[in-house]
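A.B. asks: Here you go, sequence then predicted model.
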Amino acid sequence: MAPHSTVDGHLSNGVGVHGDTYANGVNGVNGTNIANGISNGISTSNGTHNGTPGTRHKRTPHLLKPSDPESVHDLLCIGFGPASLAIAVALHDSLEAGTLKEAPRVLFLERQAQFHWHAGMLLPGAKMQISFIKDLASLRDPRSRFTFLNYLHEEDRLIDFINLSTFLPARTEYEDYLRWCASHFGDVVKYQTEVVSIAPVKGSDGPLKTFEVTSRNTKTGQLTTHLARNVLVAVGGQPSIPKCLPAGSPRVIHSSQYANTIPKLLTDNRAPYRVAVVGAGQSAAEIFNNIQTLYPNSRTSLIMRSEFLKPSDDSPFVNSIFNPAFIDSLYPRSAKYRRNLISEAKTTNYGVVRLELIEHLFEKMYDQRREIGPDEKQWPHRIMGGRRIMSVNEVSDGLQIKVCLAPPGDDDFDVTGYEGEEELLDVDLIIAATGYQRSAHLDMLRDAWHLLPESQPESKPMDDKWHVKVDGGSNDSVPSTRVLEVGRDYGVRFSQGAVAPGSGVWLQGCNEGTHGLSDTLLSVLATRSGEIVESIFGTGAPQQQN
Ligand SMILES: Cc1cc2nc3c(=O)[nH]c(=O)nc-3n(C[C@H](O)[C@H](O)[C@H](O)COP(=O)(O)OP(=O)(O)OC[C@H]3O[C@@H](n4cnc5c(N)ncnc54)[C@H](O)[C@@H]3O)c2cc1C
Ligand SMILES: NC(=O)c1ccc[n+]([C@@H]2O[C@H](COP(=O)([O-])OP(=O)(O)OC[C@H]3O[C@@H](n4cnc5c(N)ncnc54)[C@H](OP(=O)(O)O)[C@@H]3O)[C@@H](O)[C@H]2O)c1
């Protein structure tokens with residue numbers, strides 16, 4: 001069964017994705033309780049959450065050209081999350097508008113068994129952190145059939161949505177919108193297909209024209225190869241678990257696994273489970289809140305490096321860094337300028353929480369103070385700010401975490417030799433809500449590293465490029481350092497003359513250091529996908545060589 005398969009909109013353990021099972025869940029935070037919303041008569045008739053084909057309006061066929069798997073594709077996209085889906089939409093819209101004359105041969109390879117968007121974090125009541133107008137199409141072409149408004153229209157919910165008076169749909173509804181878009185492109189997507197490598201295809205002399213993409217069927221393990229002139233890598237983030245946590249332990253999970261895994265790990269909703277959540281971002285706060293609702297007798301701790309939970313800044317001046325045009329002003333700047341600006345604007349996105357949830361959690365803490373008294377160690381639910389994890393050890397009935405106090409903001413704080421106040425926490429489960437890394441493309445491209453330009457080694461990792469070491473081969477006997485950078489058009493910059501015009505590798509979602517904070521988000525997907533389609537297939541694009 002798919003990890004978060006839904007039956008009547010409920011997770012298999014009874015976690016209500018509509019939010020109606022837990023009137024007290026995350027959805028209790030914002031006043032617009034979903035318990036009185038979607039599940040209460042509005043648009044429940046059309047299979048909103050299970051996406052079963054046939055329960056909705058008939059799909060309009062897309063204009064992309066399904067290709068023979070043996071042929072050389074014009075474009076192979078790795079990953080079919082929102083970034084690649086936006087490419088499919090932009091291609092369709094360009095063909096429909098006639099700006100693209102001929103349908104390219106395109107294939108999308110996705111490792112999940114079907115379309116899901118952060119399924120492990122589809123929590124009841126969680127809201128989008130972005131206006132629905134920043135959907136997959138509107139900013140590029142508000143008349144596209146793939147806008148969020150057209151989705152609502154086709155699902156017969158437009159008027160009801162208007163009456164919600166919000167720009168921020170429920171995350172479950174947005175996932176349903178994305179799935180609705182994805183369902184149009186089923187015949188150009190191969191699911192259950194995990195890409196493992198992208199290698200140059202050796203030909204006769206001259207620049208490289210074709211890449212070979214190797215993938216593994218996630219069910220059977222069988223390896224398959226596909227050929228393509230252009231490969232777009234849009235694989236999103238990879239869960240990051242800090243070294244202080246025993247990543248291999250079955251009692252440690254990452255936030256991205258939360259909704260899928262928790263019902264299997266903590267099976268008794270009445271049990272007094274002890275759970276520690278590590279992190280101070282939106283994922284950490286949502287899980288800390290949700291677990292208390294799912295397991296009313298639990299004892300939970302939120303262990304954070306920062307002293308306080310801090311609100312995400314979505315005020316209008318700051319928000320302009322997510323404007324599509326901002327990329328044009330940021331990209332040409334110096335590495336130092338970009339780094340400083342991104343660091344200054346970090347509180348728009350990283351290690352921050354929406355204010356409504358912070359206020360809700362503060363109220364919970366206040367209630368404990370009022371009911372139990374000021375000694376926080378007696379409270380079932382604690383927010384432990386300004387802490388570092390010194391060690392985690394297995395004990396007979398779980399894990400024991402040793403935490404210490406540490407100055408906030410001191411990234412180099414070393415727990416060895418620490419002599420201050422320590423505390424031991426016994427837990428059944430640790431949930432690492434510790435964010436994501438974005439470097440999967442590096443390993444995937446290992447066989448193509450020798451096509452990258454040589455560079456001086458750097459003493460520390462850079463934010464806007466990656467350095468890799470190429471072993472000396474028979475023709476290239478001296479090991480060398482190569483640099484992987486992308487241009488403004490998201491294309492990897494190979495050595496001069498190494499790759500033929502009309503062929504290339506394109507990266508999405510890992511270019512924050514050059515293209516800004518919007519790169520990992522949904523903010524610019526409508527415009528970015530249009531730019532990429534234009535770069536690869538537009539009239540100004542280099543002509544493919546035969
Ligand atoms: C819980 C959560 C909520 C969020 N909410 C918002 C929000 O409200 N607004 C916002 O702007 N951003 C939000 N984000 C940020 C998020 O990164 C973007 O919304 C969006 O998911 C980016 O799309 P993507 O396609 O780049 O990456 P992803 O959504 O991560 O998609 C990548 C896809 O690639 C697939 N894949 C990975 N590796 C391989 C491989 N080797 N082979 C084949 N397929 C592979 C994955 O299965 C996945 O389907 C949220 C993030 C999280 C974690
Ligand atoms: N509602 C939504 O739409 C929603 C929900 C969840 C996530 N998201 C999005 O998803 C993205 C990721 O959010 P996220 O909350 O998963 O991750 P995040 O914002 O990157 O936060 C990671 C947290 O982990 C902490 N951390 C990292 N390494 C640590 C270590 N070694 N020890 C202790 N703590 C450590 C960080 O601490 P420091 O702060 O000290 O660095 C930070 O608080 C963001 O774009 C976010 O907006 C959106």
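C.D. replies: Okay, I see it. Ligands and ions are numbered 1, 2, ... in the order given.

A.B. asks: make it CA atoms for all contacts and neighbour counts henceforth
C.D. replies: Noted.

A.B. asks: how about the helices of the chain, start to end?
C.D. replies: 82-97, 148-154, 158-164, 171-183, 258-265, 282-294, 316-319, 324-330, 335-344, 355-372, 440-444, 512-515, 525-537 (DSSP state H).

A.B. asks: Return the residues of the stretch 401-546 of the chain in contact with ligand 2.
C.D. replies: Proximity of the stretch 401-546 of the chain to ligand 2 (CA under 6 Å from any ligand atom) is limited to residues 433, 434, 435.

A.B. asks: how about the nearest residue to residue 397 once chain neighbours are set aside, what does it touch?
C.D. replies: In this structure, residue 397 finds its nearest non-sequential neighbour in residue 428, 7.3 Å apart by CA to CA, 6 or more residues apart in numbering. Going by CA atoms under 8 Å, 6 or more residues apart in numbering, residue 428 touches 251, 273, 274, 275, 397, 398, 399.

A.B. asks: pretty sure residue 245 is in contact with residue 392, am I right?
C.D. replies: Yes. Shown here, residue 245 and residue 392 form a contact pair, counting by CA atoms under 8 Å, at 6.4 Å.

A.B. asks: Quick check: the gap between the closest residue to residue 81 other than its chain neighbours and residue 317.
C.D. replies: Residue nearest to residue 81 in three dimensions, not counting chain neighbours: residue 117, with 6.7 Å by CA to CA, 6+ apart. Using CA to CA, to the nearest Å, one gets 29 Å for the distance from residue 117 to residue 317.

A.B. asks: List the pairing partners of the lengthiest strand in the chain within its sheet, with orientation.
C.D. replies: Using DSSP state E, we find that the single longest strand of the chain is strand 223-233. When pairs are called by DSSP bridges, strand 223-233 turns out to pair with strand 72-78 (parallel), strand 211-217 (antiparallel), strand 504-507 (parallel).

A.B. asks: circling back: okay, the contacts of residue 428 in CSV with distance to residue 66 and neighbour count next?
C.D. replies: Below are the contacts of residue 428 laid out as CSV (distance: CA to CA, whole Å; neighbours: other CA atoms under 10 Å):
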residue, distance to residue 66, neighbour count
251, 44, 17
273, 50, 21
274, 51, 21
275, 48, 24
397, 54, 9
398, 51, 15
399, 51, 22
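
A.B. asks: now residue 436: how far from residue 384?
C.D. replies: From residue 436 to residue 384 the distance is 22 Å (CA to CA).

A.B. asks: These two - which one has more neighbours?
C.D. replies: Counting neighbours by other CA atoms under 10 Å for residue 436 and for residue 384 shows that residue 384 has the greater number, 19 against 15.

A.B. asks: Now do the same contact list for the residue nearest to residue 314 when sequence neighbours are not counted.
C.D. replies: Ranked by CA to CA, 6+ apart and with sequence neighbours excluded, the top spatial neighbour of residue 314 is residue 348, at 6.1 Å. Contacts for residue 348 (CA under 8 Å, 6+ apart) come out as 312, 313, 314, 318, 319.

A.B. asks: Isn't the fourth one up against residue 347?
C.D. replies: Meaning residue 318. No. Using CA under 8 Å, residue 318 is not in contact with residue 347; the gap is 9.8 Å.

A.B. asks: Of these two, which one has the most company?
C.D. replies: residue 347 (18 against 12).

A.B. asks: and residue 62, what pLDDT?
C.D. replies: Looking at residue 62, its pLDDT stands at 78.

A.B. asks: burial of it, as a residue count?
C.D. replies: 19.

A.B. asks: what residues are up against it?
C.D. replies: Per CA under 8 Å, 6+ apart, neighbours of residue 62: 92, 184, 185.

A.B. asks: Can you report how many residues lie near the last one?
C.D. replies: Close neighbours of residue 185, defined as other CA under 10 Å, add up to 22.

A.B. asks: now do the second one
C.D. replies: By the measure other CA under 10 Å, the count of residues near residue 184 is 17.

A.B. asks: repeat for the first one
C.D. replies: Using other CA under 10 Å, the number of residues around residue 92 comes to 23.

A.B. asks: roughly how far apart are it and residue 505?
C.D. replies: 21 Å.

A.B. asks: Equivalent analysis for residue 513, please.
C.D. replies: 18 Å.

A.B. asks: more crowded one of these two?
C.D. replies: Legend: neighbour count by other CA under 10 Å for residue 513 and residue 505, higher for residue 505 (23 against 18).

A.B. asks: Residue 114 against residue 189, yeah?
C.D. replies: No. If you go by CA under 8 Å, residue 114 and residue 189 don't touch, sitting 9.5 Å apart.

A.B. asks: what about those two, which has more around it?
C.D. replies: residue 189 (24 against 17).

A.B. asks: Does that one touch residue 111 like I think?
C.D. replies: No. Taking CA under 8 Å as the definition, residue 189 is not a contact partner of residue 111, at 10.4 Å.

A.B. asks: would TSV of the helices of the chain with distance to residue 407 and mean pLDDT be doable?
C.D. replies: Below are those laid out as TSV (distance: least, CA to CA, whole Å; pLDDT from 0 to 100):
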stretch	distance to residue 407	mean pLDDT
helix 82-97	38	97
helix 148-154	45	97
helix 158-164	43	97
helix 171-183	35	97
helix 258-265	29	97
helix 282-294	20	98
helix 316-319	28	94
helix 324-330	33	97
helix 335-344	20	95
helix 355-372	22	98
helix 440-444	33	97
helix 512-515	28	97
helix 525-537	38	97
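
A.B. asks: got the ones you listed as JSON lines, with distance to residue 466 columns?
C.D. replies: Output for the helices of the chain, formatted as JSON lines (distance: least, CA to CA, whole Å):
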{"stretch": "helix 82-97", "distance to residue 466": "21"}
{"stretch": "helix 148-154", "distance to residue 466": "36"}
{"stretch": "helix 158-164", "distance to residue 466": "44"}
{"stretch": "helix 171-183", "distance to residue 466": "31"}
{"stretch": "helix 258-265", "distance to residue 466": "31"}
{"stretch": "helix 282-294", "distance to residue 466": "28"}
{"stretch": "helix 316-319", "distance to residue 466": "28"}
{"stretch": "helix 324-330", "distance to residue 466": "19"}
{"stretch": "helix 335-344", "distance to residue 466": "13"}
{"stretch": "helix 355-372", "distance to residue 466": "35"}
{"stretch": "helix 440-444", "distance to residue 466": "8"}
{"stretch": "helix 512-515", "distance to residue 466": "11"}
{"stretch": "helix 525-537", "distance to residue 466": "22"}
